[in-house]
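Student: Can you look at this prediction? I've put the sequence above it.
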Amino acid sequence: MLEKALDPLVPYPGSTEVPWKSRCKKCEMVLDPGPTLHNIRGSQGGCGFCAERGIDPSKPGYLYLVVHDGHQALKWGIANLEQRLAQHLSQHWRLVARWNFDLTRDAWAFERQIKAWVRGQGIPKALAADQMKYRGHTETAYLSDMTLQLLSAYIESLTGRCPESPKPRG
């Protein structure tokens, strides 16, 4: 945490996958939910508000749901650059739904709630890190364990909104 300029505000949550409430030493922003230890150890660690690359939580963004027919898996994630979806689409994922937000931090909070809900049902990750060229394996599930309909309904109830219609690929 300290190497990434973060001060923990609560004791270690006991898992590398659980958000850790912290304060950025650079911009003084309280990160709640904070990053996970898994992300801090990886390339995504640190404060998203003052990071010079990656997701900017203070800008508009979106939560997305994609499916990979070959892996028989679904994936949820967030972004505020179209490049993120393009990366997944280039790896044979297809967009099923997208929820837009004025602030990516809102999408980020929902993404973490989705992950906690899915994993809380005992549903494991579908893919390993080496199967995801552009990262994101921790937000995957097999379609046999979690249906698109069930996850979409959960996201709609959580966010209080319907998804945007996905644009056809052309």
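Tutor: Perfect, thanks for sending it.
Student: give me the number of residues near residue 18?
Tutor: Per other Cβ atoms under 10 Å, the neighbour tally for residue 18 reads 16. Every residue, glycine included, has its C-beta placed from N, CA and C.
Student: ok, now residue 117?
Tutor: With other Cβ under 10 Å as criterion, residue 117 counts 15.
Student: cool, and residue 66?
Tutor: A count of nearby residues for residue 66, using other Cβ under 10 Å, gives 24.
Student: who does whatever helix or strand it lives in pair up with?
Tutor: Using DSSP states H and E, residue 66 maps to strand 61-68. Strand pairing for strand 61-68, using DSSP bridges, gives strand 73-79 (antiparallel), strand 94-101 (antiparallel).
Student: Quick one: closest of the ones you listed to residue 127.
Tutor: strand 73-79 (6.1 Å; Cβ to Cβ).
Student: tilt between the biggest helix by length in the chain and strand 73-79?
Tutor: In the chain, assigned by DSSP state H, the helix with the most residues is helix 104-120. Counting by axes from the mean of the first three to the mean of the last three Cα atoms, to 10 degrees, helix 104-120 lies at 150 degrees to strand 73-79.
Student: Tell me which residues of helix 104-120 come out buried.
Tutor: 104, 105, 106, 107, 108, 109, 110, 111, 112, 114, 115, 118 (16 or more other Cβ atoms under 10 Å).
Student: how much space between the fifth one and residue 72?
Tutor: Between residue 108 and residue 72 the computed distance is 27 Å (Cβ to Cβ, to the nearest Å).
Student: So in the protein, where's the weakest helix or strand by average pLDDT?
Tutor: In the chain, the helix or strand scored least confidently by mean pLDDT, DSSP states H and E is helix 37-41, which has a mean of 80.
Student: Helices of this protein, start to end?
Tutor: Using DSSP H, helices in the chain cover 37-41, 82-90, 104-120, 148-159.
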